[in-house]
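> Need coordinates for the following:
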Amino acid sequence: MASTNLISATEEWKGLREHVADVDKTHLRNLLKDEARCESMTVEFDGIILDYSRQRITQETVKKLFKLAEVAHLKEKIDKMYNGDHINVTENRSVLHIALRAARDTIINCDGKNVVDDVWQVLDKIGEFSERVRTGAWVGATGKSLKDVVAVGIGGSFLGPLFVHSALQTDPEAAQCANGRQLRFLANVDPVDVARSINGLNPETTLVVVVSKTFTTAETMLNARTLRTWITSALGSEAVAKHMVAVSTNLKLVKEFGIDPQNAFAFWDWVGGRYSVCSAVGALPLSLQYGFPIVGKFLEGARSIDNHFHTTPFEKNIPVLLGLLSVWNVSFLGYPARAILPYTQALEKFAPHIQQLSMESNGKGVSIDGVPLNFEAGEIDFGEPGTNGQHSFYQLIHQGRL
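Here you go, the predicted structure:
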């Protein structure tokens, strides 16, 4: 039986509580004068630089946070995830989004089976199908090439792919590969969103990707039926098989909807929706827009940071450091919110994506064992591209709520 003891009962947690008073005695401007401290709080990996010297921490704080990670068995928990253990105890499932971008020859087992083989079967299918559509080998019901794609999904089936699409639109190589094509997303059941998603599109040249693991998600299926009517009203009922494909595991309902099950792209119950952008959920619409080689580069980047997270000592481990800093800020300093302020417009959808990744994961008032927490946990994430934010909410951040 799992332990019912909270991390807050440990001596390491209590030590950090007491340490807050020491940090409160020193102003950040004085901490920044310590060159050795600032240098020790800069980490770089694969072109990503983390400078956390402007956090309200000392080198002693960092040491204490590493001790907390040790008593929390963080390294062992990371290894369990990579080993395919059922760390999602609520649903008794593995958590293996890392397998979605693993190299083809990698072995990641789930219940005795190497799931990387399954992943690459789907990726190969996406590569082949997207190439046929992009080259005109796959055409619509009237023989016209399908230049426009509408991806229908909600939550993780929408926010992650939209973020990546927004980021790729201004990348020179990706933009060239997408020349003459359109990718739009439909999530909201509000008729206004539906109208916007198909405004100016021709059913003859449009391919709809319906993303729903069970093919029962209420909002997604309502929008899918609306777009099916839009297509069949113009092209007839037989056009569905040429103009609609699915990302789903429920082949029975896919077929009943009118989509050829051969044009259904699978993903698995060990993929949480908010982590699914590297699965067919994101890879299919993005490959249709930019080509699979561009998506392959995105997957390689995700694989690189995965390996860094798994193998790098915590002192230089960017994801671990960011996580520990969040614990310090929320649970010890009492900061309830985190601003995400990218100064490039290409990352305009970064904050909404992180909102779901973080707040849906950490939005809980109990421990993994179901014990009510006696401390604050989880941050309220919000953000906007920085230049825009400077002319809206930065005033309150800098001078308000005194």
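
> can you map out the strands along the stretch 51-200 of the chain?
Using DSSP state E, counting those that start in this stretch, the strands of the stretch 51-200 of the chain run over 109-110, 113-114, 148-152, 182-186.

> Just say which of these is most tucked in.
strand 148-152 (a mean of 26; mean count of other Cβ atoms under 10 Å). Any C-beta I mention is one placed from the backbone N, CA and C, and that applies to glycine too.

> before we move on, the earlier item: for Lys33, which of the strands of the stretch 51-200 of the chain is the nearest?
strand 182-186 (47.5 Å; Cβ to Cβ).

> What helices and strands are in contact with the closest one?
If contacts are counted by 3 or more Cβ pairs under 8 Å, 6 or more residues apart in numbering; DSSP states H and E, strand 182-186 sits against strand 148-152, helix 159-168, helix 191-198, helix 280-290.

> ok, 6 Å please
Packing partners of strand 182-186 (3 or more Cβ pairs under 6 Å, 6 or more residues apart in numbering; DSSP states H and E): strand 148-152.

> Alpha carbons only: can I get the strand it packs on in PDB?
The C-alpha atoms that make up strand 148-152 are tabulated as PDB, following Å, rounded to 0.1, in the frame of the first residue of the first chain:
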ATOM      1  CA  ASP A 148      -6.700  23.100 -47.000                       C
ATOM      2  CA  VAL A 149      -6.900  21.200 -43.700                       C
ATOM      3  CA  VAL A 150      -9.300  21.700 -40.700                       C
ATOM      4  CA  ALA A 151      -8.300  19.900 -37.600                       C
ATOM      5  CA  VAL A 152     -11.200  19.300 -35.200                       C
END
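
> about what we covered before: distance to Arg56 added to the strands of the stretch 51-200 of the chain, as CSV?
As requested, the strands of the stretch 51-200 of the chain are exported to CSV (distance: least, Cβ to Cβ, whole Å):
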stretch, distance to Arg56
strand 109-110, 41
strand 113-114, 45
strand 148-152, 41
strand 182-186, 38
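
> Those strands into a markdown table, with extra columns for mean pLDDT and distance to Glu60?
Output for those, formatted as a markdown table (pLDDT from 0 to 100; distance: least, Cβ to Cβ, whole Å):
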| stretch | mean pLDDT | distance to Glu60 |
| --- | --- | --- |
| strand 109-110 | 95 | 41 |
| strand 113-114 | 96 | 44 |
| strand 148-152 | 98 | 48 |
| strand 182-186 | 97 | 47 |
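
> Of these, which is nearest Trp230?
Of these, the one closest to Trp230 (Cβ to Cβ) turns out to be strand 148-152, at 9.6 Å.

> Identify the residues contacting Asn250.
Each residue near Asn250 by Cβ atoms under 6 Å, 6 or more residues apart in numbering is listed here: 214-215.

> Oh, that last question was meant for Leu325, not what I typed.
By Cβ under 6 Å, 6+ apart, the contact list for Leu325 reads Gln55.

> ok, back up a step: the strands of the stretch 51-200 of the chain: which one's closest to Arg228?
Nearest to Arg228 among those is strand 148-152; the distance by Cβ to Cβ comes to 10.1 Å.

> The stretch 251-400 of the chain: helices as residue ranges?
Applying DSSP state H, counting those that start in this stretch to the stretch 251-400 of the chain gives helices spanning 251-257, 280-290, 292-311, 318-327, 350-354, 361-362, 386-390, 394-399.

> Relative to Asn88, which of those is closest?
helix 361-362 (11.0 Å).

> contacts for that closest one?
With Cβ under 6 Å, 6+ apart, helix 361-362 has contacts from Gly378.

> Quick check: nearest residue in space to the residue nearest the centre of the chain, chain neighbours excluded?
Centroid check for the chain by Cα atoms, centre = their mean gives Tyr275 as the closest residue, at 4.5 Å. Nearest residue to Tyr275 in three dimensions, chain neighbours excluded: His97, at 3.8 Å (Cβ to Cβ, 6 or more residues apart in numbering).

> okay, now the one you found: neighbour count?
Neighbours of His97 under the rule other Cβ atoms under 10 Å: 20.

> and what of the one 4 residues further on?
Residue crowding around Arg101 was assessed by other Cβ under 10 Å; the count is 24.

> ok so, going back, highest mean neighbour count out of the helices of the stretch 251-400 of the chain?
When you average the neighbours per residue for each of the helices of the stretch 251-400 of the chain (mean count of other Cβ under 10 Å), helix 280-290 leads with a mean of 27.

> elements contacting it?
helix 115-135, strand 148-152, helix 159-168, strand 206-211, strand 244-247, helix 292-311.

> what's the closest of the ones you listed to Lys63?
Taking the helices and strands packed on helix 280-290 one by one with Cβ to Cβ, helix 292-311 is closest: 20.8 Å.

> How far off centre is that closest one?
With Cα atoms, centre = their mean, to the nearest Å as the basis, helix 292-311 stands 13 Å off its chain's centre.

> Then stretch 14-31?
On Cα atoms, centre = their mean, the centre of stretch 14-31 falls 33 Å from the chain's centre.

> Make residue 1 into 44 and carry on from there
Fine by me, first position is 44 from now on; the one you just mentioned is stretch 57-74.

> what comes up buried for that stretch?
Buried residues in stretch 57-74, counted by 16 or more other Cβ atoms under 10 Å: 59, 62, 66, 74.

> I'd like the helices and strands packed on helix 323-333 written out as CSV, with distance to Leu93 added.
Converted to CSV, those look like this (distance: least, Cβ to Cβ, whole Å):
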stretch, distance to Leu93
helix 158-178, 29
strand 191-195, 32
helix 202-211, 19
strand 249-254, 33
strand 287-290, 33
helix 335-354, 11
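
> Nearest to Gly443, out of those?
For Gly443, the closest of the helices and strands packed on helix 323-333 is helix 202-211, at 28.6 Å, according to Cβ to Cβ.
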